[in-house]
Structure formats: structure tokens, C-alpha cells
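# Compute the structure for the input listed below.
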Amino acid sequence: MTDAKPEPQTSDVPDGTEAKDNRSARARQMMGMKGADVKETSIWKIRLQLMKPVTWIPLMWGVLCGAASSGGFTWTFENVAISLACMLMSGPLLTGYTQTINDYYDREIDAINEPYRPIPSGAISLKQVQAQFWVLLLAGNTVAGLLDLWAGHTFPTLLLMSLGGSLVSYIYSAPPLKLKQNGWLGNYALGASYIALPWWAGHALFGQLNWTIVILTLFYSLAGLGIAIVNDFKSVEGDRALGLDSLPVMFGIQKASWICVLMIDVFQALMAVYLISVHQNLYATILILFIIPQITFQDMYFLRDPVKNDVKYQASAQPFLVLGMLVTGIALGHSVI
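The predicted structure follows:
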């Protein structure tokens, strides 16, 4: 007789690939990215997920662009520390407030589109969410007031900006206005909040905010409208079910994807034209060169399948837009405006 072969042993312990995938999913979930359905029990990690840290980066970058456009920023320890405080206000605090209150009022839509989000999944109570957005709102506006004191403003410029931005965040998400119900108005409000508002804050912190900067950044925010549309593609099913007129719902996936990329490219190119008009030709050339790889990645990923490839597109193409913003800020800081 021959000995029987031993049965292969199975283990509940995930192998290296599974463990790596699980860590990756947890990291995506913590950053507030879609498609990461991982059970989380830590209340602080759940709170962080509500604040969507991945969305803080553009606003923190906008502060840097504003500081550059002011022409008054110098690389001293104090200025760097104050800039970081302004980024804290714009990113973790007030953007965290915006994302938290948006999830609070979008809980019915998220139950359809992203049921693993903290609120529809039941990972956090509504009272805990309410407490979170109040704390973030008060903390963000307190930092804004302190920044006004540091800058020596006789008029509370930064505080009024933060209060105005907080109001826009509220009416964007909350009824009865709920700006996000209108694809054009809602996305422009979001684009301006991501580009113009933090830019104004950085500029006012180190220089004198003027109407030229205000108008230029509001114009540049039309490119931000294009960025905001990207987030609507993942929510088409829920938006349509609840009657929200996002651009993908209004125009369909393919037409909306073209609107998105054209808004980004055209208005970035028009900013280059403005830089030429104020004799900042080198910076205008750099800005135009950034548009070339941006268009390439738009064609490779977004225009072919905006629903499937939105994350790949944002990771590959959007860095050229945000680098272009900084180039524009530096150019404006060198020009007489």
C-alpha cells in the first residue's frame, strides 16, 4: 500500500498580493477615493474618510499660487509657517467641512452610488457627522480671523472669504438651493471654490488683493468647472434617480466628457494669451506646453471611458493643470497688475 497524499492546507491569512490589495483599498478609502469598500471601525479613520483628504490638495496648492501672484512672498520661516496655516484653513478645515456637509446631504444619493460611504453604511451616526462639520467650520473661520490679525488687515479680508466660501459650500449641498442640482451653476461654484477662493486667500495674505486678480481667477475657475464635472460621472445613476441635472445626466456621458476637457484646455490656453498680453511670454509658453500632455492623457483615458478611467485621468492629466496654475501665479507676481 502507498501512503495517501496529504490534503493541501488552506489558510484564512491573506497572501502577499491580497494583503497588498487590502492595504491599497484602505488607503484609497481613507483618502476619500471611490471604489474602496473596506469595513472600517476606527471612528477617527471614518471621520477622516468623510473629509476626503484627496480633495484638500488643490486648495492647498491654490494658496501657494496666490502667494506667488502677490509678489510679496519671501522664503522666510515665518512666511512658510503662515502659508501652512492658510493651507490648513483652506484644506483640512474648510474643505473638510465642505466634504462632510456634502456627504451629510448626499446620503440618499450615496446609498445608490457609493453605499460603502460612512453615512449610508451606518459607520457613523448623523449626530456625529453634524458635530464634525460644525467643529471644522468654526475652526476654519477662527484660523482665518487669526491670519487677518497676522497680516495686519484693518478689514477682515480672509475671514469674510472663509465665511463666504463656507456659505457657498452650504448652499451647494443643502436644500432648498442645492446648487449641485444644476450642472453648470453647481460645477462653477465648485470650480471657483477650488481655484479662486484659495488663490485670493494666498494673495491677500502677502499682498493687496485687487480686481484684476479676482476677475482673472474667476475666469480661470471655468477650467475648474471642467475638473468638477469629472466627479459627476461616477454618480450618474443616483443623480438621474433623484432628479439632479448634472452635465452627464443632461448631455450624456460622451458629450459631457468633451465639455469637461474643452473647458479645461480652452480656458487654460486663454490664460496663456493673457500672459502674452502682459509680456510674460516665457511663462505663457510653459503654460501652453503643459496643455500638450494634458490633451494626450485626456484622449488616452477620459474621452475613451470617463466612468472607468476617471481616477487614471485625474492622476495623469490634472498635474499639468495645477502646475500651470502655479506658472500663472508666478507670472502674475512678476507683472504689474
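
# quick one: L59 and R240, what's the gap?
Distance of L59 to R240, computed by CB to CB, to the nearest Å: 29 Å. Any C-beta I mention is one placed from the backbone N, CA and C, and that applies to glycine too.

# Comparing those two, which residue is more hemmed in?
Each of L59 and R240 has its neighbours counted (other CB atoms under 10 Å); L59 has more, 25 against 14.

# shouldn't that one be in contact with A192?
No - the criterion here is CB atoms under 8 Å, and L59 misses it with A192 at 11.5 Å.

# got the contact list for L177?
I171 (CB atoms under 8 Å, 6 or more residues apart in numbering).

# what do you get for the one 5 residues further on?
With contacts defined as CB under 8 Å, 6+ apart, the neighbours of N182 are D245.

# Can you tell me who it pairs with across the strands?
Applying DSSP bridges to N182 gives these bridge partners: D245.

# For it, give its distance to N113.
The gap separating N182 from N113 is 19 Å, by CB to CB.

# again, but for L160
For L160 relative to N113 (CB to CB), the value is 35 Å.

# Between the two, which is the more surrounded one?
N113 (17 against 14).

# pretty sure the more buried one is touching K234, no?
Yes - N113 is in contact with K234 according to CB under 8 Å; the separation is 6.5 Å.

# which of the residues in stretch 276-293 are buried?
Of the residues in stretch 276-293, V278, Q280, Y283, A284, I286, L287, I288, F290, I291 count as buried by neighbour count, 16 or more other CB atoms under 10 Å.

# Just the CA atoms of that stretch, as CSV, please.
Output in CSV follows, covering the C-alpha atoms of stretch 276-293 (Å, rounded to 0.1, in the frame of the first residue of the first chain):
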residue,chain,number,x,y,z
ILE,A,276,1.4,87.2,-23.5
SER,A,277,-0.7,90.4,-23.4
VAL,A,278,1.2,91.4,-20.2
HIS,A,279,4.6,90.5,-21.7
GLN,A,280,5.1,87.3,-19.7
ASN,A,281,6.0,85.3,-22.9
LEU,A,282,8.2,82.7,-21.2
TYR,A,283,5.5,81.7,-18.7
ALA,A,284,2.9,81.7,-21.4
THR,A,285,5.0,79.3,-23.4
ILE,A,286,5.4,77.0,-20.4
LEU,A,287,1.7,77.1,-19.8
ILE,A,288,0.9,76.1,-23.4
LEU,A,289,3.5,73.3,-23.3
PHE,A,290,1.7,71.9,-20.2
ILE,A,291,-1.5,71.6,-22.3
ILE,A,292,0.0,69.2,-24.8
PRO,A,293,0.5,66.2,-22.4
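
# who's in contact with that stretch?
265, 268-269, 271-273, 275, 317, 320-321, 323-324, 327-328, 330-332, 334-337.

# so how far is it from its chain's centroid?
24 Å (CA atoms, centre = their mean, to the nearest Å).

# again, but for stretch 180-197
Centroid separation between stretch 180-197 and its chain, computed with CA atoms, centre = their mean, is 11 Å.

# buried stuff in it?
So stretch 180-197, judged by 16+ other CB under 10 Å, has buried residues 180-183, 186-197.

# between those, which is nearest L88?
L197 (14.8 Å; CB to CB).

# Surely the closest one and G62 touch.
Yes - L197 is within contact range of G62, at 7.3 Å (criterion: CB under 8 Å).

# For stretch 160-179, C-alpha coordinates in PDB please.
Written as PDB, here are the backbone C-alpha positions of stretch 160-179 (Å, rounded to 0.1, in the frame of the first residue of the first chain):
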ATOM      1  CA  LEU A 160     -15.000  87.300   5.000                       C
ATOM      2  CA  MET A 161     -13.500  85.000   2.300                       C
ATOM      3  CA  SER A 162     -13.800  81.900   4.600                       C
ATOM      4  CA  LEU A 163     -17.400  82.800   5.600                       C
ATOM      5  CA  GLY A 164     -18.300  83.400   2.000                       C
ATOM      6  CA  GLY A 165     -16.800  80.100   0.900                       C
ATOM      7  CA  SER A 166     -18.500  78.300   3.800                       C
ATOM      8  CA  LEU A 167     -21.800  79.700   2.700                       C
ATOM      9  CA  VAL A 168     -21.200  78.600  -0.900                       C
ATOM     10  CA  SER A 169     -20.400  75.100   0.400                       C
ATOM     11  CA  TYR A 170     -23.600  75.000   2.400                       C
ATOM     12  CA  ILE A 171     -25.900  76.200  -0.500                       C
ATOM     13  CA  TYR A 172     -24.000  73.900  -2.900                       C
ATOM     14  CA  SER A 173     -25.100  70.800  -0.900                       C
ATOM     15  CA  ALA A 174     -28.100  71.800   1.100                       C
ATOM     16  CA  PRO A 175     -31.700  72.400   0.100                       C
ATOM     17  CA  PRO A 176     -33.600  74.500  -0.900                       C
ATOM     18  CA  LEU A 177     -31.000  76.000  -3.200                       C
ATOM     19  CA  LYS A 178     -28.700  72.900  -3.500                       C
ATOM     20  CA  LEU A 179     -26.600  74.400  -6.300                       C
END
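
# Thank you, goodbye.
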